[in-house]
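Participant: sequence first, then the predicted structure:
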There are 2 protein chains.
Amino acid sequence: MLTVNGPRLWNSLMEMAKVGATAAGGNCRLALSAEDFAGRALFADWCHQAGMSLDTDAIGNLFARRAGRDPQARPVVMGSHLDTQPAGGRFDGVYGVLAGLEVVRSLNDAGITTDKPLEIAVWTNEEGARFTPAMLGSAAFCGVLPLDKALAMEDAQGISVATALAGHAGSLPLGRPFDAYFELHIEQGPILEQASVPIGVVTGGQAICWLNVRVTGQPAHAGTTPMHLRRDALFAASAMIRQLEQLAEAFAPHGLVTVGQLLIPGSSRNTIPGQVRFTVDLRHHQDAQIAAMEQRTCALLQQVAAQRGLTVDIQPHWFSAATPFDPDCIAAVGQAVTALGYPHREMVSGAGHDAIHLARHCPSSMIFIPCVGGLSHNEAEDALPENICMGADVLLGAVLGRAGG
Amino acid sequence: MLTVNGPRLWNSLMEMAKVGATAAGGNCRLALSAEDFAGRALFADWCHQAGMSLDTDAIGNLFARRAGRDPQARPVVMGSHLDTQPAGGRFDGVYGVLAGLEVVRSLNDAGITTDKPLEIAVWTNEEGARFTPAMLGSAAFCGVLPLDKALAMEDAQGISVATALAGHAGSLPLGRPFDAYFELHIEQGPILEQASVPIGVVTGGQAICWLNVRVTGQPAHAGTTPMHLRRDALFAASAMIRQLEQLAEAFAPHGLVTVGQLLIPGSSRNTIPGQVRFTVDLRHHQDAQIAAMEQRTCALLQQVAAQRGLTVDIQPHWFSAATPFDPDCIAAVGQAVTALGYPHREMVSGAGHDAIHLARHCPSSMIFIPCVGGLSHNEAEDALPENICMGADVLLGAVLGRAGG
């Protein structure tokens, strides 16, 4: 069973981490910044040394290519992104790109040429920290976001993607057909670490439902209003949020419920809140289940409001359907990890990834490894070298299975 | 049974409401503003016409005096304030002052001279809208706030009380002995209106306990963190607030619990709240009971935090002990209202009033009448003419009982 050179991959990760390094041990390579381009240039050097050719498309997505035996075959693509959050870590995205390079280096070492060509994709502006939306490059590639809109997006200084890209965009067509896409990534959550399992076989991305809730009662004086005559919007909202917590239990373990923001407009310490606004974030990997969660949420909130003589207004803010990954790609990952004998479990991706867009373009799936403390988007983001190595071994196995070696 | 001239009192209230009138039908006479002084001047004119003498003390409290048969006797004092909120109503404070004038006018009409002298007090800056603290004039008079500190307080424009008072302060000594103090006021709450009772015999002011609570959990990604691994500070805070609502039930009907402000620092829609801060306002008219409420609050919040593996920090912010009014003054009001045959009930004051300070200086009590919808500190503040008249009848009866006629 072919495996990668773990120390070489780790060293490359640590070399890349010097580009845009922060004092606290993290990385700042904002999309299309000088640091991002320096990171891409380092990656391109390594790819050239590994015998690969490089080209870019109109939104700056960078592709390194290793030829296969069949020049007509569609490429099997690995990848992720090199841009980071302003105070980001050393592994988020970078790992998927450099593990792809390590797969190629290992194939070179073993003298293996695959039937289908291999590519490593570096997607533009995955983080969404400089330009919105996140996953902009893969969205433009997959036709989810029109190219002109993507190029027109501006950062906080009013610099457009088009301006930031000047001299770095190429002529590779958007939406080229791929045979498959595999993205290896740190989990960015605590599940694998808690379970002491090094490999997550990712079966898809969650559906997300965002709601805006406004509870309206009656503002009144905290000292002169008896409890039984109050219509306290915060007491009502608290009862609603308790119900939402129980809703999550009813949809356990796959249903997630978060109230991230809560605001009492014009609040005062000695005034009974007359209005409360809060957000609801519902997640589930099955569309039917998230629809049930949304319906249940609305019913529960209306019920609490009615019991208390208040009104509640619930507005949909955003919805993203579940993204099931391709059964053959999931199976390729499963076969690789089984052959390697590594402990693993199936799971869904809770965060957004370029693979979520790619899944609408070609057969796709993802592989997760644990990150320390589940921490990500943080300069302290960390991963263990042995897990880094095992994840790349699985990527190598899955890609070989798909590309034919 | 002597009663007042209700239409005359109502007309005086409507005349006074023309001074600093707002477009929406309310009043703006900020403390020591031109409008406030115009209101005081109108009141002084009326007092002169009623045969009274006027003088002020060093903090600008204005006293109108009607001599009694015994020049050595301490005065029986009625009063309240003429300053208003920026968008205030026509009755808050003004009613207690002009009802005092109507008592004097009615005694004049009836040819009655009391044994003890009568005074009407107009306390400076009761509202706290221009200068903090509220009830500044009565606090300085009663020695609760040193005069130099009171004079040094500045408004938002940096103008001090001393500057605003220039030419309006007099030489009446602060803390002069009073025989008794009676303050007639709109309830500023819904109790009397809901009970269809025109007169509240006020037995004291509530104790107030203000706490600052900080709940600390763990911020995390809303998509990647399973429910059972979360330490969600808002879910915990909501459970705490539900417990506080039940605490109020345990101390019903006199215990009041309000969470007026709640903040999630650095909140984001798709981040599990790692910290929540909220305020707690506890009220009860008995010191022993508010101490029990505070103790129970701390125990309940600690218990919820412990159950959920979060921490809670509870800091006292402010405490004001209960103010029981004088039994003889309460009895004088009770005898007057009984003699008049008006429906009445005993109650406590939920809002702050000058009488709360005066109660530490001399025998004091208050009389409440309903206000429409319990609304106050609002341009739509309203009271019914028949209730306005009945309240003044009770004041007249209580004052006569105390002053001897």
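Facilitator: Arrived safely.
Participant: which helix runs longest in chain A?
Facilitator: helix A:287-308 (DSSP state H).
Participant: please enumerate residues in contact with that helix?
Facilitator: Applying Cβ atoms under 8 Å, 6 or more residues apart in numbering or on different chains, the contact partners of helix A:287-308 are A:207-209, A:211, A:213, A:215, A:217, A:231, A:235-236, A:239-240, A:243-244, A:247, A:250-251, A:254-255, A:257, A:280, A:282-284, A:311-312, A:314, A:321-322. Heads up, the C-betas are built off the backbone N, CA and C, glycines and all.
Participant: show me the residues you listed that map onto strands.
Facilitator: Per DSSP state E, strands hold the following members of the contacts of helix A:287-308: A:207-209, A:211, A:213, A:215, A:257, A:280, A:282-284, A:311-312, A:314.
Participant: from the residues you listed, which is closest to chain B?
Facilitator: The closest of the ones in strands among the contacts of helix A:287-308 to chain B turns out to be residue A:283 (Cβ to the nearest Cβ; 5.8 Å).
Participant: what's near enough to touch the closest one?
Facilitator: Residue A:283 sits next to A:206, A:207, A:208, A:209, A:255, A:256, A:257, A:290, A:350, B:222, B:223 when contact means Cβ under 8 Å, 6+ apart.
Participant: can you spell out which residues form a bridge with it?
Facilitator: residue A:208, residue A:256 (DSSP bridges).
Participant: domain parsing for chain A?
Facilitator: With automatic domain parsing as the criterion, the domains of chain A are listed as A:6-205+A:322-403, A:207-320.
Participant: looking at these, spot the one closest to residue B:81.
Facilitator: With Cβ to Cβ as the criterion, residue B:81 lies closest to domain A:207-320 of the domains of chain A, at 17.1 Å.
Participant: report the rounded mean pLDDT for the closest one.
Facilitator: For domain A:207-320, the mean per-residue pLDDT is 96.
Participant: for the closest residue to residue A:244 other than its chain neighbours, give its distance to residue A:211.
Facilitator: Leaving aside its sequence neighbours, residue A:244 sits nearest to residue A:257 (Cβ to Cβ, 6 or more residues apart in numbering or on different chains; 5.1 Å). Distance, residue A:257 to residue A:211, by Cβ to Cβ, to the nearest Å: 11 Å.
Participant: same question for residue A:3.
Facilitator: Counting by Cβ to Cβ, the gap from residue A:3 to residue A:211 is 46 Å.
Participant: now do the spatially closest residue to residue A:325 that is not a sequence neighbour against residue A:196, distance only.
Facilitator: Closest residue in space to residue A:325, ignoring its immediate chain neighbours: residue A:365 at 4.0 Å, by Cβ to Cβ, 6+ apart. Per Cβ to Cβ, residue A:365 is found 23 Å from residue A:196.
Participant: of the two, which one has the most company?
Facilitator: residue A:365 (28 against 8; other Cβ atoms under 10 Å in any protein chain shown).
Participant: so the more buried one, which of the three states?
Facilitator: Following DSSP: H, G, I helix; E, B strand; the rest coil, we place residue A:365 in the strand state.
Participant: buried sites along stretch A:369-387?
Facilitator: Neighbour counts over stretch A:369-387 (16 or more other Cβ atoms under 10 Å in any protein chain shown) mark A:369-372, A:374-379, A:381-383, A:387 as buried.
Participant: quick one on the thing from earlier: comparing residue A:3 and residue A:211, which residue is more hemmed in?
Facilitator: Per other Cβ under 10 Å, whichever of residue A:3 and residue A:211 has more neighbours is residue A:211, with 20 against 15.
Participant: SS state for residue A:201?
Facilitator: strand.
Participant: which ones are touching it?
Facilitator: The contact partners of residue A:201, by Cβ under 8 Å, 6+ apart, come to A:330, A:333, A:334, A:337, A:344, A:345, A:346, A:347, A:365, A:367.
Participant: and for residue A:333?
Facilitator: Residue A:333 is in contact with A:182, A:201, A:202, A:365, A:367, A:394, A:398, counting by Cβ under 8 Å, 6+ apart.
Participant: change it to 6 Å
Facilitator: Taking Cβ atoms under 6 Å, 6 or more residues apart in numbering or on different chains as the contact definition, residue A:333 lies against A:201, A:365, A:367, A:398.
Participant: around chain B, pick out the residues from chain A.
Facilitator: Within chain A, the positions adjacent to chain B are A:188-190, A:222-225, A:227, A:229, A:234-235, A:238, A:241-242, A:245, A:248, A:258-262, A:267-272, A:279, A:281, A:283, A:350-351 by Cβ under 6 Å from any Cβ of the partner chain.
Participant: kindly give a single PyMOL line that selects the buried subset of those.
Facilitator: Buried residues among those (16+ other Cβ under 10 Å), as a PyMOL selection:
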select buried, chain A and resi 188+189+190+222+223+224+225+227+234+235+238+241+242+245+248+258+259+260+261+262+267+269+270+271+272+279+281+283+350+351
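Participant: which of the residues of chain A next to chain B fall within helices?
Facilitator: Among the residues of chain A next to chain B, DSSP H puts A:234, A:235, A:238, A:241, A:242, A:245, A:248 in helices.
Participant: so what's the residue lying closest to the last one once chain neighbours are set aside up against?
Facilitator: Closest residue to residue A:248 in three dimensions, ignoring its sequence neighbours and counting by Cβ to Cβ, 6+ apart: residue A:257, at 4.0 Å. Residue A:257 sits next to A:244, A:247, A:248, A:282 when contact means Cβ under 6 Å, 6+ apart.
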